[in-house]
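*Asks:* Pasting a predicted model and its sequence here:
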Amino acid sequence: MDTSDIPDGILTIDQCWELLNDAAVGRLALIVDNHPEIFPVNYVLERRSIVFRTDGGIKLWGAMTAKPAAFEIDGYDPHTEEAWSVVARGDTEVIHDVEEKAAADALNLEPWHPGRKDHYVRLSPRALNGRRFKVNKPDVWNTRVSDARRSTFE
């Protein structure tokens with residue numbers, strides 16, 4: 001499938017990687033105790049994978065269970081009035097190799113949340129997809145003040 005065959009709004013794999021590379025925070029979805037949990041994480045891309053740091057706890061435990069995981073980012077561009085979303089699905093693994101940790105650190109992987117974040121986790125996507133779409137013009141009188149669309153239409 002070349003770029004001309006891609007339906008409107010569907011992002012290419014390369015576009016998905018570019019958006020992932022430009023963002024700093026996403027949401028990690030894991031199965032923990034047989035139910036889904038979602039965790040915000042800051043991350044870097046390293047070797048076409050998503051790497052984040054965490055302390056010991058539920059997030060680390062969920063990443064170690066070898067169940068499928070998902071990672072999602074989204075955004076809104078007020079200049080184009082378009083929203084976008086990227087979802088990566090794959091497996092997680094704890095990184096033990098010192099050189100692999102150093103490679104992530106070299107990309108400025110610093111935890112945002114205070115505390116020790118000694119565990120490095122890699123999500124290696126087996127599926128990556130995204131979409132972009134033009135947002136509806138908001139009803140300025142009924143749309144929340146915090147809605148990002150308002151600034152471009154007011």
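*Replies:* Alright, I've got the coordinates.
*Asks:* Helices of this structure, start to end?
*Replies:* Here the chain has its helices, by DSSP state H, at 13-22, 58-64, 98-106, 150-153.
*Asks:* who wins for proximity to V87 among those?
*Replies:* Closest approach to V87 among the helices of the chain is made by helix 13-22 (8.6 Å; C-beta to C-beta). For the C-beta atoms, the positions are set from N, CA and C on the backbone; glycine is no exception.
*Asks:* ok, what's across the strand from the closest residue to A23 other than its chain neighbours?
*Replies:* For A23, ignoring the flanking residues on the chain, the nearest one in space by C-beta to C-beta, 6 or more residues apart in numbering is I73 at 4.7 Å. Beta-bridge pairing for I73 (DSSP bridges): V86.
*Asks:* show me the contacts for I73.
*Replies:* Contacts for I73 (C-beta atoms under 8 Å, 6 or more residues apart in numbering) come out as 19-20, 23, 25-27, 85-86.
*Asks:* which stretches of this structure have low pLDDT?
*Replies:* Scanning the chain for pLDDT under 70 picks out 1-7, 66, 138-143, 147-154.
*Asks:* ok, 50 please
*Replies:* 1-4, 6 (pLDDT under 50).
*Asks:* For it, which segments count as strands?
*Replies:* 25-32, 35-42, 44-45, 50-54, 69-77, 82-95, 119-134 (DSSP state E).
*Asks:* And these: which comes nearest P111?
*Replies:* Of all the strands of the chain, strand 50-54 comes closest under C-beta to C-beta, at 5.2 Å.
*Asks:* Please list the outside residues in contact with that closest one.
*Replies:* 20, 26, 28, 41-45, 60, 63, 71, 88, 95, 104, 107, 109, 111, 117-123, 125.
*Asks:* Can I get the buried part of those residues as one PyMOL selection?
*Replies:* Buried members of the contacts of strand 50-54, defined by 16 or more other C-beta atoms under 10 Å, are picked up in PyMOL with:
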select buried, resi 20+26+28+41+42+43+44+45+60+63+71+88+95+104+109+117+119+120+121+122+123+125
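*Asks:* Can you add distance to H79 and give the helices of the chain back as TSV?
*Replies:* TSV is the format used below for those (distance: least, C-beta to C-beta, whole Å):
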stretch	distance to H79
helix 13-22	14
helix 58-64	35
helix 98-106	32
helix 150-153	8
